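1. Okay, structure incoming, though there's no sequence with it:
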């Protein structure tokens, strides 16, 4: 009691010095509050951002791993040239079949799943693709060069999630497994302008919906029948019934090829949507094989369509448990499980994470400097009050009590400073962290855009360039052995280089939580104890007799 | 033990002719006390033995350098003797909590007063009362005011800062502080050092009153012959330098112990 009373009186008595200390502590506390609140909002965003939203994920082949494996195993004899055929073989062997995908869909962490199968079709005289370039040239190139351009896919698609579905042919025929698959169509969402979407039973086989531009281009209406040819064999034709006409709401998600041309199948307008059961009925599904013959006469057999299988999870943690469950269920390490949603969300957090890192650094510096300042102040305080220590101890007040009194004085002052600083910090943390975040976002965006400027050929870019280069080389080396299906794109991923920028988290609504107040108090106590400790050591060293003798 | 006092207090004691002290119990006793500031260094005090009793005023005199202030430090428990013992009510001070001793049992009036300048008069006094941990039957502030009148200071001084007081007034405040928690022993270091004669007498009256009416043991370290004269007993410390030559004086307390 004596100690508390004295401490309080002493605090009141030495207003000037204590206000100074309180201001310093308040500044430290304000900076610490802002730092902590930034870190907390980053954590909250990370933890709760995907908590209640469903997440989709895909299984894909870890290509670089396979390529490395097969090239090292076979590189003994070949000098500079990698063993392409071995690599392709390794890749094609690893294609998962529909039943493989479905096996993993049954895992408990998966809430639902859907898939699309994509194949290509060629034009016929009566039904032609929407194209800006002359259709005749495009058709001739596609008919002659279809196998070539298929073969290029491994090269072009090596980088990962590019929009590299089977892009040969003139049309893209996409089979959907369910409404959910349609909703997540890789060309973006769409609305029906007339007619309605096919259903998925065999009874509605050969029903398709086509884009409005394609319908207009060919002057088609709901109920019309279209005739398309096989991409590999132009003599083989299929007739399909148009049951609906749709219009993409996100027009440009898949752009037409650049000036160079590329396949018209890449144009979203030339996508024909149907059910997977139609594909099966046409013999164009992934389990069917098509044989292609390339210009040098080599025949290759490959899957007619590519599967893009998507698993839907209730939340991010289910996605994570799916990863482990799939491993247990026998998914070899040659495959990776990825989620574009999670990745995109994580990349949207980059500025916030950077800021959080920055906040941590700030916090540590502030605390370090603050600790030093407080220690020095406390030291001066004790030295200045040496006489008081001498008098008190001579009067019979125990040194430990004097030390405790000094510590409590400091504690009172720091707690007042802490309170003021925390309030100030809490009041300013939202605008300050949003300001800081805005600059981080700006930095991140300029980084992305410069990266895009460097790589910025868009989705069609790589395809175009590889297309032209390989058509010149195909005659010689005969890419023909190429396993066509090489690019099992997980189409939903969207282009890594795609035009759409990540929607960065650009504001926080940091609220000062109870745990943060606790952390602040802990920090305050820590700083106070640290600096009080120095004072205590000094007090303990003082001998009253010495002090009083020095004085007189 | 009575012979110790008579022997040491020699001529002045006889002149005073007072012999009330021996009837009282011994409050504080020095037993063959020696003190050196540094270990193995020069001894400031050498083999001192003396007994202080309640109800008497003692004057410790001696030339400069005889170790008067050092002896006072030992008595007041600020230092421990290098050799020998200081006994308070028969118990060795070195074996008990000297902080408690200082805050409860002994009131020290330092030569330089050692009041806290930032505090007011009454705050200084109340601080000592708080530090003693004793309980008081009246509000501390009221007791402080009573003490001020006891040391002949007007009551309005209570809220005055120490810095605003003269040396003599500070002296009185220091006395009031030393008395505030009712200690058994009161020790004063040159309490009249720089005071005029009437103030000196006034303060000596206070001390005599404390000893004779309140049965305290008052020990005064002083240069002043007047103070010594007005004390009940005088304990003269011989200068240390002369001690080897005048062996008699050093031996006197020894053979009684």
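-> That came through, no problem. Just so it is clear, the model here is predicted, and its values are computed rather than measured.

2. C-alpha only now, for contacts and for neighbours.
-> Noted.

3. Could you pull out the helices in the stretch 151-257 of chain B for me?
-> All helices of the stretch 151-257 of chain B, identified by DSSP state H, counting those that start in this stretch, fall at B:167-180, B:197-214, B:225-230, B:247-256.

4. Tell me where the stretch 251-400 of chain A has helices.
-> Under the criterion DSSP H, counting those that start in this stretch, helices of the stretch 251-400 of chain A are mapped to A:276-282, A:316-328, A:340-348, A:350-384, A:386-394, A:399-455.

5. Let me have the helices of the stretch 151-257 of chain B in TSV, extended by mean pLDDT and distance to residue A:233.
-> Formatted as TSV, these follow (pLDDT from 0 to 100; distance: least, C-alpha to C-alpha, whole Å):
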stretch	mean pLDDT	distance to residue A:233
helix B:167-180	89	116
helix B:197-214	88	129
helix B:225-230	88	134
helix B:247-256	41	132
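
6. between those, which one is nearest to residue A:6?
-> Minimum separation from residue A:6 across those (C-alpha to C-alpha) falls at helix B:167-180, 16.8 Å.

7. which outside residues touch the closest one?
-> Residues outside helix B:167-180 that contact it (C-alpha atoms under 8 Å, 6 or more residues apart in numbering or on different chains): B:106-110, B:113-115, B:121, B:124-126, B:128-129, B:143-144, B:147-148, B:150-153, B:162, B:186, B:191, B:194-195, B:199, B:203.

8. how about the residue nearest to residue A:532 when sequence neighbours are not counted, what does it touch?
-> Nearest non-adjacent residue to residue A:532, counting by C-alpha to C-alpha, 6 or more residues apart in numbering or on different chains: residue A:407, 5.1 Å away. Residues in contact with residue A:407 (C-alpha under 8 Å, 6+ apart) are A:528, A:529, A:532, A:533, A:535, A:536.

9. What residues does the stretch 301-450 of chain A have near chain B?
-> A:388, A:391, A:393, A:394, A:395, A:396, A:397, A:398 (C-alpha under 8 Å from any C-alpha of the partner chain).

10. Quick check, pLDDT for the last one.
-> If I follow you right, that is residue A:398. pLDDT, residue A:398: 88.

11. check contacts around it.
-> Taking C-alpha under 8 Å, 6+ apart as the test, what residue A:398 contacts is residue B:99.

12. how much space is there between residue A:535 and residue A:367?
-> In this view, residue A:535 and residue A:367 are 19 Å apart by C-alpha to C-alpha, to the nearest Å.

13. Of the contacts of helix B:167-180, keep whichever come out buried.
-> B:106-110, B:113-115, B:121, B:124-126, B:128-129, B:143-144, B:147-148, B:151-153, B:162, B:186, B:191, B:203 (16 or more other C-alpha atoms under 10 Å in any protein chain shown).

14. Show me the subset of these that also lies near chain A.
-> Answer for the buried ones among the contacts of helix B:167-180 near chain A (C-alpha under 8 Å from any C-alpha): B:114, B:115, B:128.

15. need the residues you listed in a markdown table with pLDDT, can you?
-> Formatted as a markdown table, those follow (pLDDT from 0 to 100):
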| residue | pLDDT |
| --- | --- |
| B:114 | 87 |
| B:115 | 89 |
| B:128 | 90 |
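
16. so of those residues, which ones are in helices?
-> Counting by DSSP state H, the part of these found in helices is residue B:128.

17. ok, back up a step: right, so the helices of the stretch 151-257 of chain B: which one is the most enclosed?
-> helix B:167-180 (a mean of 24; mean count of other C-alpha atoms under 10 Å in any protein chain shown).

18. quick check: angle from that one to helix B:197-214?
-> 10 degrees (axes from the mean of the first three to the mean of the last three C-alpha atoms, to 10 degrees).

19. what separates helix B:167-180 from the chain centre, distance-wise?
-> 13 Å (C-alpha atoms, centre = their mean, to the nearest Å).

20. returning to that earlier point: who wins for neighbours among the residues of the stretch 301-450 of chain A next to chain B?
-> With neighbours taken as other C-alpha atoms under 10 Å in any protein chain shown, the top of those is residue A:395, carrying 29 neighbours.

21. That residue contacts residue B:130, correct?
-> No - when contacts are counted by C-alpha atoms under 8 Å, residue A:395 is not listed as touching residue B:130 (10.5 Å).

22. show me the contacts for the residue in the stretch 1-150 of chain A that chain B sits nearest to.
-> Of all residues in the stretch 1-150 of chain A, residue A:2 sits closest to chain B, at 6.3 Å by C-alpha to the nearest C-alpha. Residue A:2 makes contacts with B:130, B:131, as judged by C-alpha under 8 Å, 6+ apart.

23. Turn the ones next to chain A among the buried ones among the contacts of helix B:167-180 into TSV, including distance to residue A:331.
-> Output for these, formatted as TSV (distance: C-alpha to C-alpha, whole Å):
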residue	distance to residue A:331
B:114	84
B:115	84
B:128	81
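
24. Sort out which one of the ones next to chain A among the buried ones among the contacts of helix B:167-180 lies nearest residue A:203 for me.
-> For those, the residue nearest residue A:203 by C-alpha to C-alpha is residue B:128; the value is 103.1 Å.

25. my guess is the closest one meets residue B:103, correct?
-> Yes - between residue B:128 and residue B:103 a contact is recorded at 7.4 Å, counting by C-alpha under 8 Å.
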